[in-house]
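J.: what's the 3D shape of this:
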Amino acid sequence: MPGGRLTQQERQQIALGLADGLAYAEIARRLDRPTSTVTREVMRNGGPTGYRADLAHRATERRARRRQAAPQGAEAPPQAYGRDAEAVREYEETLTTVMMQSGTPKMMARVLACLCISDSGSLTAAELVQRLQVSPASISKAVAFLDEQGLIRRERNERRRERYVVDDDVWYQSMMASARSTAQVAETARQGVGILGRDTPAAARLENIARFLDFVSESVTRAADQAREVLHTKPVTTTGSAEQKL
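T.: The predicted structure is shown next:
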């Protein structure tokens, strides 16, 4: 499988694949590249409907020049556990891209991805500013959004400095908050049935919406409750399994 940055020819093939309505996985297969590489490339450069090979290539070259010219303080921090700093950076971009694709705004996705890949699962505003090279105001706005969505929580350390935390149970709480929000939309839709007249087409539509969202909300709640323990279970690695069998 080829490595390194995408070539201009590969970007042209991506553009052709998008124009033909191919899925990212199929485009990646034809290029002999990981699907994540194609997904990140497209989402960083206009999305599936706005992607242009020549513009994407020039944008990549500009980003590369900016990284080369960046001051010493902007370099990636040393990596623990012997990790490859470039591979970590690439993965962080991929995770951010996938979150954006699911509807999370860009800066919020960057902050959440940064927290997720940190070993401690928690960072201060100053640490986020340093890692992401953005303004404190941008971090503050992103944190407020993520907190409201239940995706992070706040805590204070011994120095009374606020830290932003993404831990195992945050994902459960976020899923439950989403289910409650969906249930609220269902209830509001059902209120419209009486207002619009039960035997009218609009009321029938709202009733179907309410029934659908009720089912989704209940299913998500039930599944989250059943799967919650997974968040607190250490995954069994292949090495670990082999050692247990010996």
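
J.: Could you pull up phi and psi at Thr104?
T.: For Thr104, the backbone dihedrals (degrees, to the nearest 10) come out as phi -80, psi 130.

J.: can you count the residues close to the closest residue to Arg190 other than its chain neighbours?
T.: In space, Arg190 comes closest to Ala210 once its chain neighbours are excluded; the distance is 4.1 Å by C-beta to C-beta, 6 or more residues apart in numbering. C-beta here means a position set from N, CA and C on the backbone, and glycine is covered the same way. For Ala210, the neighbour count with other C-beta atoms under 10 Å is 20.

J.: quick one: the helices in the protein?
T.: Chain-ordered helices for the chain, with DSSP state H as the definition, fall at 8-19, 24-31, 35-44, 47-50, 53-69, 85-101, 106-117, 125-132, 136-148, 168-196, 201-227, 238-245.

J.: can you list the domain ranges for the chain.
T.: Per automatic domain parsing, the structural domains of the chain span 8-69, 81-166, 169-232.

J.: Give me the pLDDT for Met38.
T.: Not quite, residue 38 is Val, not Met. Reading off the confidence values, Val38 has pLDDT 91.

J.: nearest to Arg160, of the helices of the chain?
T.: Each of those was checked against Arg160 via C-beta to C-beta, and the shortest separation belongs to helix 125-132, namely 13.3 Å.

J.: how much does the closest one deviate in direction from helix 136-148?
T.: 110 degrees (axes from the mean of the first three to the mean of the last three C-alpha atoms, to 10 degrees).

J.: Measure how buried Tyr51 is and give me the count.
T.: Tyr51 is flanked by 20 other residues according to other C-beta under 10 Å.

J.: residues contacting it?
T.: In this structure, Tyr51 makes contact with 14-15, 18, 42, 45, judged by C-beta atoms under 8 Å, 6 or more residues apart in numbering.

J.: Mind doing that once more with 10 Å?
T.: The neighbours of Tyr51, taking C-beta atoms under 10 Å, 6 or more residues apart in numbering as the test, are 11, 14-15, 17-19, 41-45.

J.: PyMOL command to pick out the buried ones of these?
T.: To isolate the buried subset of the contacts of Tyr51 in PyMOL, counting by 16 or more other C-beta atoms under 10 Å, use the following:
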select buried, resi 11+14+15+17+18+41+42+43+44+45
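
J.: For the contacts of Tyr51, work out which two are farthest apart.
T.: Considering C-beta to C-beta, no two members of the contacts of Tyr51 lie farther apart than Ala19 and Arg44, which are separated by 18.4 Å.

J.: Now do the most centrally placed residue in the chain against Ala144, distance only.
T.: For the chain, the residue sitting closest to the mean C-alpha position, by C-alpha atoms, centre = their mean, is Met99 at 2.0 Å. Distance, Met99 to Ala144, by C-beta to C-beta, to the nearest Å: 17 Å.

J.: cool, Met100 as well?
T.: For Met100, the distance to Ala144 (C-beta to C-beta) stands at 18 Å.

J.: out of these two, which sits in the busier spot?
T.: Regarding Met100 and Ala144, a neighbour count based on other C-beta under 10 Å identifies Met100 as having more, with 20 against 11.

J.: Leaving out sequence neighbours, find the closest residue to the more buried one.
T.: Ala109 (4.8 Å).
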